[in-house]
Structures are given as C-alpha cells and as structure tokens.
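> Build me a structure from this.
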Amino acid sequence: MRVLLDENLPRRLKRFFNEGVEVITVSERGWKGLKNGELLRVAQIEFEVFITTDKGIPYQQNLSLYSIAIIILEAKSNRFEDLSPLLPKIEETLQSIKVGQLIRVSS
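Reported below is the predicted structural model:
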C-alpha cells in the first residue's frame, strides 16, 4: 500500500508505519505547495491513501471526484508528540479503508 503524508505532518511519522506500507511525504514527491484539489488529483494516480490534519478537505473538495482514500488526523496539534499516539489507530484504519472513503482518526 502506498500512503502520501501531507506537508503539514512531521516527516518522522513515516518511520513508524508497519512493513508493507510505503509512506512518502508531499515534499519528497515534489508536490509541496499544491492546493488540495490539485494535490488529490495527482496523488490518486500513485497512492491509495492520503493522510492529513486538514479538517477542511471534506468541505472544500468534492471527494467523489477522487479515487483515493483520505485519513484526517485529529489531534491537539500537528506535532509528532501529539500525532504519534494515533499510529496504532492509523495502522488499524489502513487495514480496512477503501478507495473514496474519508475516515477521521482521533485519540
């Protein structure tokens, strides 16, 4: 499974995903600065899941236009210390998430 981490997430999160999950950041892919609609359009070609903390995506985008699953992380901040406790729930969600789904993960 290929997962794209939004640019607002700490890079070091990617080291904590289970084997079999390939995690790439928006910056590593060279897509830093792309707006959400454009980012989702290009990401859906290469990735199955997009992970972000941007709670506005479902209200700003018509998600039915994209063939990518989205996980929105809900934490106190986007700092590693606040997001890392969500890793077990993220991994669990990755086991069952389907293309086109949006799932919120919180503590």
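
> Please spell out the segments of this structure that come in under the pLDDT threshold.
With pLDDT under 70 as the threshold, the chain has no low-confidence stretch at all.

> What does Val3 show for phi and psi?
As for Val3, its main-chain torsions (degrees, to the nearest 10) stand at phi -120, psi 140.

> Okay, and the beta partners of it?
According to DSSP bridges, the residues that bridge with Val3 are Val23, Val49.

> That one: how many residues sit nearby?
The burial count assigned to Val3 is 20, neighbours taken as other Cβ atoms under 10 Å. Yep, even glycine has a C-beta here, placed from its N, CA and C like the rest.

> Pretty sure it sits against Ala43.
No: the criterion here is Cβ atoms under 8 Å, and Val3 misses it with Ala43 at 10.1 Å.

> between these two, what contacts are shared?
Both Val3 and Ala43 are in contact with Phe50, where contact means Cβ atoms under 8 Å, 6 or more residues apart in numbering.

> Would you point out which residue is most central in the protein?
Against the mean C-alpha coordinate of the chain, by Cα atoms, centre = their mean, the closest residue is Ile51 at 0.8 Å.

> so which strand or helix has that residue?
Counting by DSSP states H and E, the element that carries Ile51 is strand 49-52.

> and the gap between Gln61 and Glu38?
Relative to Glu38, Gln61 is positioned 10 Å away (criterion: Cβ to Cβ, to the nearest Å).

> Give me the more crowded residue out of those two.
Under the criterion of other Cβ under 10 Å, the comparison of Gln61 against Glu38 puts Gln61 first, with 19 against 11.
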